[in-house]
Structure formats: C-alpha cells, structure tokens
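*Asks:* Okay, here's the prediction I keep looking at, along with the sequence it came from:
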Amino acid sequence: MEQLDTLITITRAGMGHADEALQQKLLGVWLKLTLENGTLPGAIACYTDGVRMACEGSPVLEDLKALEAAGVHVILCKTCLDALGLTDQVGVGVVGGMGDILAAQVKAQKVVPL
C-alpha cells in the first residue's frame, strides 16, 4: 500500500509537542509502523530541527535508513545542517536545498507534517 504521492515533513527533533524523549519515541514508532505496514511515502523531507533525526546518534536513524532502503527518498536541508553544525554527521538521506524540498512538495498529492 505505497503512497508514493505523499511527502512527509519532519521539522522537529521528534513528533508532536512534548518532552524530547516522548517526541523521539513517537517518531520512532510512527516510522516503524510505516515500514511494517508498507504505507511508504514517496519522500521524507527533514528541515529545521528535523535534520537532527537523520544524523549520527539519532534514536530513529536506523528506521530512516530502513525506509530509504525500501525506496523512500529522504531529503535533508543543507542550510539547516550547516546552521546546526551537522553537515559531517549525516547518517541517511540526500543533502539538498530548499529547491529539492519544494520540488518534492509540488510533486506530492499530499503533504503530511509530523
């Protein structure tokens, strides 16, 4: 049940508005269920604090790697990585610009922010 026309945006270092540990746990569960259920989006775009989730040391890094291996295009904002000093810590995804994120948004029939 792939949803190739869907773009997921991750803009926080987790999911929702709660303490950091709970946000990260929720995001991890969401990513795992997405993979297990086969409800794969076409792309995941990480920007602002969301880029932290695709870097070394992230509690959801392996989940993002598994989604990428399953064919999900993972896009990371280069400006955000540079601003946060994380460019050399990227663990998954393609480092792109806002143009890449915009292209994914335009291509998507549905954009889901987490």
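*Replies:* Okay, I see it. The structure displayed is predicted, hence computed values, not measured ones.
*Asks:* In the protein, mark out all the strands, start to finish.
*Replies:* Here the chain has its strands, by DSSP state E, at 3-10, 41-46, 73-77, 94-96, 110-113.
*Asks:* Highest mean neighbour count across those, which stretch is it?
*Replies:* Most buried of the strands of the chain, by mean neighbour count (mean count of other Cβ atoms under 10 Å): strand 41-46, with a mean of 25. Heads up, the C-betas are built off the backbone N, CA and C, glycines and all.
*Asks:* how far off strand 73-77 does that strand point, in degrees?
*Replies:* Orientation of strand 41-46 against strand 73-77 (axes from the mean of the first three to the mean of the last three Cα atoms, to 10 degrees) gives an angle of 20 degrees.
*Asks:* which other helices and strands contact strand 41-46?
*Replies:* strand 3-10, strand 73-77, helix 98-107 (3 or more Cβ pairs under 8 Å, 6 or more residues apart in numbering; DSSP states H and E).
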